[in-house]
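Novice: sequence first, then the predicted structure:
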Amino acid sequence: LTRWALMAARPSGSSAAAGPVVTRRVGTNASSGSSNVVPTPTPSTSRLKPSVRASIDSMTSTGSQSEYFKPEQTIILFDWDDTLCPSNWIRENRPALSFFKPCPNEDKYQRPLRELQKHVEATLRLALKMGKVIIVTNAMEPWVETSCRNFLPLLLPIVMQIPVIYARSIFDLLNCEAVKKAAARSSSPGRAMPGMYGANGVNKLAGIQRGLAAQQADEMAPQKWK
């Protein structure tokens, strides 16, 4: 509320010439100097339900998720065999095709491979713009480079720029380490690996191991079940 204070001249003649009328707008709380703005109360997070409070805390602590779509926070994995490279198709066309020989210069083989290379290259280049690209394979090193040279040579420059994870090589390495540790814990092979050795101490898998050693080259390729 406001009021208008009018200061008029007094009835006496000497006061009549005192001066002009002065008007002033005065606020109701002018003397106290207090503000009319009332702050809106905010609820304390301690009064919220646990589920709501947890959601608020989660949003506060995971602010980086707002940048999840940026290339530096994106990883794209491609399986090499039967995703980028037609491994099963190569196997089905043996003996005309071999994993470890360049593809014959015949149109029935070269034409589908040229078409495939075109689409794979476009896919990889787009993926490289969107994030970090990694190729994974169940084969052994250097299967990706070997198969790419023999069947997808146009992709070799871009594939050589992409990290490759050879899952089988890593598994075999870890498995060998586990076998060594098990053998070190026991002086007897039979105790270290029960069931692997006969009563005479001969490894039951010795014959199989010799056969696998003879096929060392084929072991590089992906397994048949892929």
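Specialist: Structure received.

Novice: tell me the mean pLDDT over stretch 111-127?
Specialist: Taken as a whole, stretch 111-127 has a mean pLDDT of 97.

Novice: show me the shaky parts of this structure.
Specialist: Where the chain drops to pLDDT under 70, the residues are 1-68, 170-226.

Novice: packing partners for the lengthiest helix in it?
Specialist: Counting residues, the longest helix in the chain under DSSP state H turns out to be helix 107-130. Counting contacts by 3 or more C-beta pairs under 8 Å, 6 or more residues apart in numbering; DSSP states H and E, helix 107-130 packs against strand 75-79, helix 156-159. In this view, the C-beta of every residue, glycine as well, is placed from N, C-alpha and C.

Novice: possible to save those as a markdown table with distance to Phe100 and mean neighbour count?
Specialist: Shown next, in a markdown table, are those (distance: least, C-beta to C-beta, whole Å; neighbours: other C-beta atoms under 10 Å):
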| stretch | distance to Phe100 | mean neighbour count |
| --- | --- | --- |
| strand 75-79 | 21 | 14 |
| helix 156-159 | 16 | 15 |
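
Novice: for Lys108, which of the ones you listed is the nearest?
Specialist: Across those, Lys108 has its closest neighbour in helix 156-159 (22.6 Å, C-beta to C-beta).

Novice: list the helices and strands the next helix or strand after that closest one packs on?
Specialist: Using DSSP states H and E, the next helix or strand after helix 156-159 towards the C-terminus is strand 164-166. Strand 164-166 sits against strand 132-137, helix 143-151, with contacts defined as 3+ C-beta pairs under 8 Å, 6+ apart.

Novice: how about the first one: buried residues?
Specialist: By neighbour count, and taking 16 or more other C-beta atoms under 10 Å as the criterion, the buried residues in strand 132-137 are 133, 135-137.

Novice: and those residues, which is closest to Asn88?
Specialist: Thr137 (13.4 Å).

Novice: what's the spacing between the closest residue to the closest one other than its chain neighbours and Lys108?
Specialist: Spatial nearest neighbour of Thr137, chain neighbours left out: Trp80 (4.1 Å); criterion: C-beta to C-beta, 6 or more residues apart in numbering. According to C-beta to C-beta, to the nearest Å, Trp80 stands 24 Å off from Lys108.
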